[in-house]
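[1] sharing a model prediction with you, sequence too.
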Amino acid sequence: LFAACNQCRVPARAIRDLLRWTFFQLLIDNSDAHAKNLSFFVGKGGIDPAPCYDLLNIAVYGDEFDRDLAMAIGDEFVSEEILPYQLAEFCDVCRLPQRQVAATLKTLCTAVRGGMERMVPDGGLHEDEQAFTRKLLARIGINVQRFLALAGELPQVRL
């Protein structure tokens, strides 16, 4: 997928957007994210990534649904088992600099955490919806902390 970004009008922006999309899926526990969830605007000026869609959290439902990742990070299909080494493999396969990927992941984790802090999970929701929202936010918060730590370790990994 990252190689296809070179066909876009602004390849660097397309790569950045795809990288953010990939990591956002991990942060929100969307194990069902795959290439069919990506779209592009095609026009006379060239190809541009379209806004993201089909963003959901599978893990919040427990074992009701398959939680294996639709697309591996490194060779890992289980989000909780991704370590800095798998992130380094991902960088290698996608031909992305580890420092750039780590910086992108840190920035995204910080932005998601900031967005979560501004959320009001009780605003206008029924009691069961409030409980679901709190559970969802707690799960995402755990992922943010975990991937923030992994991003800090990624630049030191050697394959």
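    Now that the structure is in, tell me what you want to look at.

[2] and the helix or strand hosting Ala103, what's its mean pLDDT?
    According to DSSP states H and E, Ala103 maps onto helix 98-118. When pLDDT is averaged along helix 98-118, the result is 96.

[3] where does the chain dip in pLDDT?
    Applying pLDDT under 70 to the chain flags the ranges 120-121.

[4] all helices of it, in order?
    Listed in chain order, the helices found in the chain under DSSP state H are 11-27, 84-94, 98-118, 127-153.

[5] circling back to that earlier point, what does the helix holding Ala103 contact?
    With Cβ atoms under 8 Å, 6 or more residues apart in numbering as the test, helix 98-118 has contacts from 16, 19-20, 23-24, 27, 87-88, 90-91, 137, 140-141, 144, 147-148, 150-152, 154-155, 157. (C-beta placed from N, C-alpha, C; glycine too.)

[6] which of the residues you listed are buried?
    Buried members of the contacts of helix 98-118, scored by 16 or more other Cβ atoms under 10 Å, are 19-20, 23-24, 27, 87-88, 90-91, 137, 140, 144, 147-148, 150-151, 154-155, 157.

[7] hmm, back to that, now the helices of the chain in CSV, with distance to Asp68?
    CSV is the format used below for the helices of the chain (distance: least, Cβ to Cβ, whole Å):
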stretch, distance to Asp68
helix 11-27, 13
helix 84-94, 14
helix 98-118, 21
helix 127-153, 16
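
[8] what's the closest of those to Leu69?
    When the helices of the chain are compared by Cβ to Cβ, helix 11-27 sits nearest Leu69, at 8.1 Å.

[9] the closest one vs helix 84-94, what angle?
    Going by axes from the mean of the first three to the mean of the last three Cα atoms, to 10 degrees, helix 11-27 is angled at 150 degrees with respect to helix 84-94.

[10] residue furthest from the geometric center of this protein?
    For the chain, the residue at maximal distance from the C-alpha centroid (Cα atoms, centre = their mean) is Lys44, at 30.2 Å.

[11] distance of that one from Pro97?
    32 Å (Cβ to Cβ, to the nearest Å).

[12] same check on Lys106?
    Distance, Lys106 to Pro97, using Cβ to Cβ: 14 Å.

[13] and those two? which has more neighbours close in?
    Under the criterion of other Cβ atoms under 10 Å, the comparison of Lys106 against Pro97 puts Lys106 first, with 17 against 10.

[14] gap between stretch 118-134 and the chain center?
    Computed by Cα atoms, centre = their mean, to the nearest Å, the chain-centroid distance of stretch 118-134 equals 23 Å.
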